[in-house]
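J.: with the sequence up front, the predicted model follows.
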Amino acid sequence: MATASIPISPLDEFGIKIDAKEASREAVHDIIDSWMDGVDAMTGGAGLDSIVKESFKMRQELMGKIVEQLVKEKCSDELNRETMVCPNCGRVLNRRDMHERTVETMIGEIRLRRPYFYCTNCKKGFHPLDDVLILSDSVKQWDMQEAGANVGAELPYNKAQEIFEKLTGLSMSDHTMHDIVDVLDIAPSAEEIEEKVGRVAKGKKWRPIMVLTIDGALVPTRPDDAKGKGKGRKKVRAKRAKWEGEWREEK
């Protein structure tokens, strides 16, 4: 599908400057027209189920490009930024380049092309637009991480991965879900626990009890055909079993 783009100072056929917001909305209309042509071409029949399925498959492409246009409209100053002040040393930095980045959200992929600055004094690079948009360092953004955590906290990670993809049309590995739900990342430190216990126990005879529970432990499994006694002679070295087990999450 063709991508509509917006020049920094769009002009009409008579050379008159067009309002950037108006140009952005026109680009969105072109995106929607192109998207509907694509859905129409992929739809096998006139049934509602067929139309809905194809629209669902292609909705991420549409919404991602619309959000890209909204970012261009709302963050035009950041996209055209030429200088910035280094937050560490206070030096004025000139734009070095334009870097592209693709992020994944619940409405689809969003491609960003934003200014890059580098401080030779601090040996550190900056993308101011990332801070303005409050982007996660991960490719998968906060909304996607939240959705994955909600599913991963209720189901075994391999099952949560299947359900998440089926309901959203988006992919998230069981390893990523495990990292997102990892309770150790948010568990308080030993010092924080001691401070909280001391604060709650102040003036009381009995010290309070704090309990931290963690599920999701992995246990070894084996197939049904591995049950029963195996044939063999005594005083003969056992052979390696032909069946293969696997580690499964216990929930």
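T.: Nice, I can see it. Residues are numbered from 1 along each chain as shown.

J.: can I get stretch 80-91 in CSV, CA atoms only?
T.: Only the C-alpha atoms of stretch 80-91 are listed here, as CSV (Å, rounded to 0.1, in the frame of the first residue of the first chain):
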residue,chain,number,x,y,z
ASN,A,80,12.1,19.6,12.6
ARG,A,81,14.3,20.4,15.6
GLU,A,82,17.8,21.5,14.6
THR,A,83,19.4,22.0,18.1
MET,A,84,18.9,20.8,21.7
VAL,A,85,20.6,21.4,25.0
CYS,A,86,22.4,18.4,26.4
PRO,A,87,20.6,17.4,29.7
ASN,A,88,23.9,16.3,31.2
CYS,A,89,26.4,19.0,30.5
GLY,A,90,24.3,21.9,29.1
ARG,A,91,26.1,22.2,25.8
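
J.: that stretch - what's its average pLDDT?
T.: Stretch 80-91 carries an average pLDDT of 94.

J.: quick one: buried residues of that stretch?
T.: 81, 84, 86 (16 or more other Cβ atoms under 10 Å). Where C-beta positions appear, they are placed from N, C-alpha and C, glycine not excepted.

J.: now do stretch 39-50
T.: Buried residues in stretch 39-50 (16+ other Cβ under 10 Å): Val39.

J.: distance from that stretch to the middle of the chain?
T.: Remark: stretch 39-50 is offset 30 Å from the chain centroid, using Cα atoms, centre = their mean, to the nearest Å.

J.: if we look at it, which residues are touching it?
T.: With contact meaning Cβ atoms under 8 Å, 6 or more residues apart in numbering, stretch 39-50 is reached by 51, 54-55, 57-58.

J.: please flag which of those residues sit within strands.
T.: Among the contacts of stretch 39-50, no member falls in strands (DSSP state E).

J.: how far away is Tyr137 from Asp130?
T.: Quick fix: residue 137 reads Asp, not Tyr. The gap separating Asp137 from Asp130 is 9 Å, by Cβ to Cβ, to the nearest Å.

J.: neighbour-wise, which of these two wins?
T.: Per other Cβ atoms under 10 Å, whichever of Asp137 and Asp130 has more neighbours is Asp130, with 17 against 5.

J.: pretty sure the more buried one is touching Tyr116, no?
T.: No. In this structure Asp130 lies outside contact range of Tyr116 using Cβ atoms under 8 Å: 10.2 Å.

J.: what is in contact with the two at once?
T.: Common contact partners of Asp130 and Tyr116 (Cβ under 8 Å, 6+ apart): none.
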